[in-house]
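S.K.: sequence-free structure coming up:
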């Protein structure tokens, strides 16, 4: 107990001495302005304290400042990330709206040529383009007024006909399918024939054309409206080649629509058509 008491007294005396030395140094500095022997001696005693303060306190302050700066930077980064996500969302919405507008602008202007409310704009959901079948699924069905045998048209071109109708979607058989035929005539020579699909997206045939008839290569084929499904006045393809085949001509036709690039088109009733001008 006596040893602890002596150490405590010694610590108090040393602290008091350092404090007196510091006070003396400050008072002398204020009053005399020039350092004396005692002040110089006191400076030796105070210098280690100043070094200790610089070595311990300054790094601590710097570390605290860096921590605060890091937190501020994290907050700014989080804010910028949120703003970036909001901008990307807005850009995506605008791009989708722009794409829809561009895709539907031309075919919407086509609809104005039909004085009917029976033209329904549909979007392609799935494509089945193979050597076995040429068909599409679209996002409209009986709940949207779609009926079997409605014609699918894009701009001034025939696309196909509705063969199956469900409540919320329908199946379109393309004119390039071998089960689909269209009565048509040549735009220049007025020669009539039957457009016949071959289950090929880039090739079809014009059949039932007498070999004595005059047909021109690059001539367009126009739907005649004969029958109960396809309306008149729509393009179906152009003639690419012809050659005699018995009593008839074997005529190759190139469809005008690339169905692999098709996203939107209209479904119309044949009875709703009006003359195109």
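M.R.: Nice, I can see it. What you see is a predicted model, and the numbers here were worked out from it, not measured in a lab.

S.K.: what ranges of the stretch 101-250 of the chain fall below the confidence cut-off?
M.R.: 101-118 (pLDDT under 70).

S.K.: now the helices for it?
M.R.: With helices called from DSSP state H, counting those that start in this stretch, the stretch 101-250 of the chain shows none.

S.K.: Which parts of it are strands?
M.R.: 120-129, 134-138, 151-154, 157-165, 170-174, 181-186, 192-197, 204-207, 220-223, 235-245, 248-254 (DSSP state E, counting those that start in this stretch).

S.K.: can you put the ones you listed in TSV and add mean neighbour count?
M.R.: From N, CA and C alone the C-beta is placed, and that goes for glycine too. Compiled in TSV, those are given as follows (neighbours: other CB atoms under 10 Å):
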stretch	mean neighbour count
strand 120-129	16
strand 134-138	22
strand 151-154	24
strand 157-165	22
strand 170-174	24
strand 181-186	22
strand 192-197	21
strand 204-207	22
strand 220-223	22
strand 235-245	17
strand 248-254	19
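
S.K.: Kindly present those strands as a markdown table, with separate columns for distance to residue 69.
M.R.: Output for the strands of the stretch 101-250 of the chain, formatted as a markdown table (distance: least, CB to CB, whole Å):
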| stretch | distance to residue 69 |
| --- | --- |
| strand 120-129 | 52 |
| strand 134-138 | 58 |
| strand 151-154 | 60 |
| strand 157-165 | 63 |
| strand 170-174 | 62 |
| strand 181-186 | 74 |
| strand 192-197 | 71 |
| strand 204-207 | 72 |
| strand 220-223 | 72 |
| strand 235-245 | 69 |
| strand 248-254 | 68 |
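
S.K.: And this structure, what are its domain boundaries?
M.R.: 2-64, 120-272 (automatic domain parsing).

S.K.: Make a markdown table out of those domains and add distance to residue 73.
M.R.: Formatted as a markdown table, these follow (distance: least, CB to CB, whole Å):
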| stretch | distance to residue 73 |
| --- | --- |
| domain 2-64 | 15 |
| domain 120-272 | 45 |
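
S.K.: among the strands of the stretch 101-250 of the chain, which is nearest residue 80?
M.R.: Evaluated over the strands of the stretch 101-250 of the chain, closeness to residue 80 peaks at strand 120-129, with 36.3 Å, by CB to CB.

S.K.: list the helices and strands the closest one packs on?
M.R.: helix 37-111, strand 134-138, strand 264-268 (3 or more CB pairs under 8 Å, 6 or more residues apart in numbering; DSSP states H and E).

S.K.: now do 10 Å
M.R.: If you count contacts as 3 or more CB pairs under 10 Å, 6 or more residues apart in numbering; DSSP states H and E, strand 120-129 packs onto helix 37-111, strand 134-138, strand 170-174, strand 264-268.

S.K.: Give me the phi and psi angles of residue 259.
M.R.: In terms of degrees, to the nearest 10, the main-chain angles of residue 259 are phi -70, psi -20.

S.K.: Confirm for me that it is in contact with residue 159.
M.R.: Yes: between residue 259 and residue 159 a contact is recorded at 7.3 Å, counting by CB atoms under 10 Å.

S.K.: Now for these two: what residues contact both?
M.R.: Contact criterion CB atoms under 10 Å, 6 or more residues apart in numbering; residues shared by residue 259 and residue 159: 124, 136, 172, 174-176, 265.
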